[in-house]
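Chemist: give the three-dimensional model of this entry:
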Amino acid sequence: MALVSEFLSKLTLAYGGEPEPIFPTVVPVSDFDPVKDAARIETAIKTKGVDEQTIIDILTRRSSEQRREIDFHYERLAKKDLVSALKGALSGSMEALMLGLMKSPAQYDASELKASMKGLGTDEEPLIEIICSRTDEEMMEIKKVYRDMFRKDLEKDIAGDTSGNVAKLLLALVETKRDEPSNVIDYEKIDEDARSLYEAGVKRKGTDVVTWISIMSSRSAPHLKRVFERYKSYSPYDMKESIRKEVKGDLEKSFLTLVECFENKQLYFANRLNDAMKSKGAKEKVVTRIMVSRCEVDLMKIRTEFKRQHKRSLYQAIADHTKGDYQKALLSLCGGDD
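Modeler: Down below sits the predicted model:
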């Protein structure tokens with residue numbers, strides 16, 4: 001019997017330590033000509049009234065690296081960088097979207113984090129969304145780029161702009177001390193963590209938030225997925241219901257985001273997009289941020305989850321809740337109807 005339990009505790013995971021697969025809607029174009037693209041954009045910007053369609057056709061259908069090459073050749077041609085030219089030619093949500101596309105994924109995340117902590121009061125929504133949904137590798141790159149762009153450490157800015165347990169959780173995630181996914185399933189550890197989460201929350205009066213933070217910020221994603229499944233055998237509520245009962249406000253949002261991303265990251269983003277487009281006028285900042293940051297990562301899979309969960313395509317939702325050139329650019333990033 002001991003041999004059986006030892007064997008079971010060492011079962012191999014299918015995708016152990018491999019990087020997450022990607023499902024982009026925007027991929028590098030094969031017949032790429034940055035000089036030609038730069039010239040076409042220059043003509044589009046100089047056209048009376050600006051030819052937005054050409055700008056959309058080019059920038060939403062090139063990869064981040066290809067856009068950087070276009071920028072390099074544009075500057076040689078027009079004697080000014082493409083970002084400055086786009087700022088002068090566009091406005092509003094369309095401008096924000098195109099300028100977002102001109103940054104690398106890490107630069108974009110870093111600038112969104114910085115913007116959320118600017119001035120009086122912090123906009124916790126993007127802070128929580130980005131920090132709780134990025135992998136350790138992505139977060140390490142964001143921290144490096146943040147320091148390069150703003151000459152400040154991301155950790156210091158977060159510590160200065162947030163407080164209490166929210167600050168502790170966000171800083172623990174930014175530290176990037178998560179275990180590497182293993183090819184071995186440790187059932188003993190899964191059971192131990194599930195029991196610890198239960199005993200730190202639902203089982204006692206008052207929540208031991210430190211234990212929750214410790215487990216959720218240091219274990220690998222595949223391990224935590226199994227922990228949340230195992231948790232149901234201890235608690236009368238699943239992990240998300242337990243969070244709603246135990247904590248409130250931004251801490252609740254942060255823990256829920258973490259759990260939702262561990263369980264199904266693409267469904268989390270699909271739900272965020274749906275919520276942002278529920279009202280008559282879409283919450284364009286949220287829509288822009290998700291579409292720009294996920295189009296080269298997993299937007300194709302987000303589209304699938306959106307259709308499955310909300311019984312209409314993401315393409316249709318964008319068409320119904322946005323308008324003008326901004327709508328055209330989003331639909332192009334979306335990459336098609338389902």
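Chemist: got the buried residues for stretch 111-129?
Modeler: For stretch 111-129, burial by neighbour count (16 or more other CB atoms under 10 Å) applies to 111, 112, 113, 116, 117, 122, 124, 125, 126, 127, 128, 129. Glycine gets a C-beta too; all of them are placed from N, C-alpha and C.
Chemist: apart from its neighbours in sequence, what residue is nearest the fifth one?
Modeler: By that I understand residue 117. Among residues not flanking residue 117 along the chain, residue 161 sits closest, at 4.3 Å (CB to CB, 6 or more residues apart in numbering).
Chemist: with the second one instead?
Modeler: On the basis of CB to CB, 6+ apart, the spatially nearest residue to residue 112 that is not a chain neighbour turns out to be residue 126, at 5.2 Å.
Chemist: quick one: contacts of the helix or strand where that neighbour lies?
Modeler: Using DSSP states H and E, residue 126 sits in helix 124-133. Contact with helix 124-133 is made by 109, 112-113, 115-117, 139, 142, 158, 162, 166, 170, 173-174, 250, 253-254, 257-258, 261, 265, 268-269, 272, 285-286, 289, 293, as judged by CB atoms under 8 Å, 6 or more residues apart in numbering.
Chemist: ok, of those, which come out buried?
Modeler: Buried, going by 16+ other CB under 10 Å: 109, 112-113, 116-117, 139, 142, 158, 162, 166, 170, 173-174, 250, 253-254, 257-258, 261, 265, 268-269, 272, 285-286, 289, 293, out of the contacts of helix 124-133.
Chemist: the residues you listed in helices, which ones?
Modeler: 109, 112-113, 116, 139, 142, 158, 166, 170, 173-174, 250, 253-254, 257-258, 261, 265, 268-269, 272, 285-286, 289, 293 (DSSP state H).
Chemist: what's the closest of the buried residues of stretch 111-129 to residue 154?
Modeler: residue 113 (6.6 Å; CB to CB).
Chemist: so that closest one touches residue 139, yeah?
Modeler: No - the criterion here is CB atoms under 8 Å, and residue 113 misses it with residue 139 at 10.5 Å.
Chemist: other residues contacting stretch 317-324?
Modeler: Around stretch 317-324, the neighbours that count as contacts under CB under 8 Å, 6+ apart are 94, 273-274, 277, 280-282, 284, 287, 306, 310, 327, 330-331, 334.
Chemist: now do the contacts for residue 38.
Modeler: Each residue near residue 38 by CB under 8 Å, 6+ apart is listed here: 70, 73, 74, 76, 77, 78, 82.
Chemist: out of these, which are inside strands?
Modeler: Judged by DSSP state E, strands contain none of the contacts of residue 38.
Chemist: would you mind listing which of those residues are buried?
Modeler: Of the contacts of residue 38, these count as buried by 16+ other CB under 10 Å: 70, 73, 74, 78, 82.
Chemist: and the two most separated of the residues you listed?
Modeler: 70 and 78 (11.4 Å).
Chemist: residue 45 versus the residue nearest to residue 112, what's the distance?
Modeler: 29 Å (CB to CB, to the nearest Å).
Chemist: swap in residue 202?
Modeler: In terms of CB to CB, residue 202 sits 58 Å off from residue 45.
Chemist: ok, residue 190 next?
Modeler: Taking CB to CB, one finds residue 190 at 56 Å from residue 45.
Chemist: cool, residue 263 as well?
Modeler: Applying CB to CB to residue 263 and residue 45 gives a distance of 44 Å.
Chemist: more crowded one of these two?
Modeler: Higher neighbour count among residue 263 and residue 45: residue 45, with 20 against 17, using other CB atoms under 10 Å.
Chemist: can you list contacts of stretch 198-211?
Modeler: 165, 168-169, 196-197, 212, 231, 234-237, 242, 245-247, 251.
Chemist: that one spans what distance, first to last residue?
Modeler: End-to-end distance for stretch 198-211: 10 Å, by CA to CA, to the nearest Å.
Chemist: tell me the gap between it and the middle of its chain.
Modeler: Taking the mean of its C-alpha atoms, stretch 198-211 sits 28 Å from the chain's own mean (CA atoms, centre = their mean, to the nearest Å).
Chemist: again with stretch 179-194
Modeler: 25 Å.
Chemist: how long is that stretch end to end?
Modeler: 17 Å.
Chemist: stretch 126-142 too?
Modeler: 14 Å.
Chemist: pLDDT on it, on average?
Modeler: Averaged across stretch 126-142, the pLDDT comes to 97.
Chemist: ok, stretch 162-180 next?
Modeler: The model assigns stretch 162-180 a mean pLDDT of 96.
Chemist: list the buried ones in stretch 37-48?
Modeler: Neighbour-count burial for stretch 37-48 [16+ other CB under 10 Å]: 37, 38, 39, 40, 41, 42, 44, 45.
Chemist: so which of those sit within helices?
Modeler: Checking these against DSSP H, those in helices are 37, 38, 39, 40, 41, 42, 44, 45.
Chemist: read off the pLDDT value for the fifth one.
Modeler: Each residue has a pLDDT score; the one for residue 41 is 98.
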